[in-house]
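J.: Need the 3D shape of this:
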Amino acid sequence: MKVLLRGPVWYLAIAGLVLAASAAFLMDVLEDNGRAALVISDVEGTWTAAGGGRLMVSADGSAELERVTEPEVNCGQPSGPAPLTYTGPAMWEFDTFPDEASGIRFDFRGPDTGKSCRIHLVVHPDGQGGKGFLPHDADMKYVRDAGRRG
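T.: Here you go, the predicted structure:
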């Protein structure tokens, strides 16, 4: 016995799928609404990772990055004690990395090529100083020490 969806039944099936997909999307988008927006006091300070990376974030929008894993080709030093990492100045601003929680984005120029480079730090404030990670190197967990500024 062959059953074919015809007329209104077919339209109802499609409408149900569209409604379910829309509801899932809205739930994902609205998931962060329970969290307060990040403010400068949530990110200012020195962020360190066990692997040696360090992010020094200042309230004026400037930052110093030290031994941060290269986010993409031509965005780090080609040689030296820590190849394929970036050490140097950057500017930062609040931003959200796609599919992650809020955080900050560091913008800088690749030292050899002048290429415009970006590093995102996803921030999860914990009321004790903050924790975060770099999506391009999620194994490097960063912890903020708000008392140390460099």
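J.: what ranges do the helices span in this protein?
T.: Counting by DSSP state H, the segments of the chain that form helices are 7-30, 40-43.
J.: between the ones you listed, which gets the lowest average pLDDT?
T.: Lowest mean pLDDT of the helices of the chain: helix 7-30, a mean of 67.
J.: Each with direction, which strands does the longest strand seen in the chain pair with?
T.: Assignment by DSSP state E gives strand 85-96 as the longest strand of the chain. Partners of strand 85-96 in the sheet, by DSSP bridges, are strand 62-69 (antiparallel), strand 102-109 (antiparallel).
J.: so which of the ones you listed comes closest to residue 16?
T.: Taking Cβ to Cβ, strand 102-109 is the member of those nearest to residue 16, at 33.2 Å. (Each C-beta comes from the backbone N, C-alpha and C, glycine too.)
J.: export the strands paired with strand 85-96 to a markdown table and tack on distance to residue 137, mean neighbour count and mean pLDDT?
T.: Below are the strands paired with strand 85-96 laid out as a markdown table (distance: least, Cβ to Cβ, whole Å; neighbours: other Cβ atoms under 10 Å; pLDDT from 0 to 100):
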| stretch | distance to residue 137 | mean neighbour count | mean pLDDT |
| --- | --- | --- | --- |
| strand 62-69 | 4 | 19 | 93 |
| strand 102-109 | 13 | 20 | 92 |
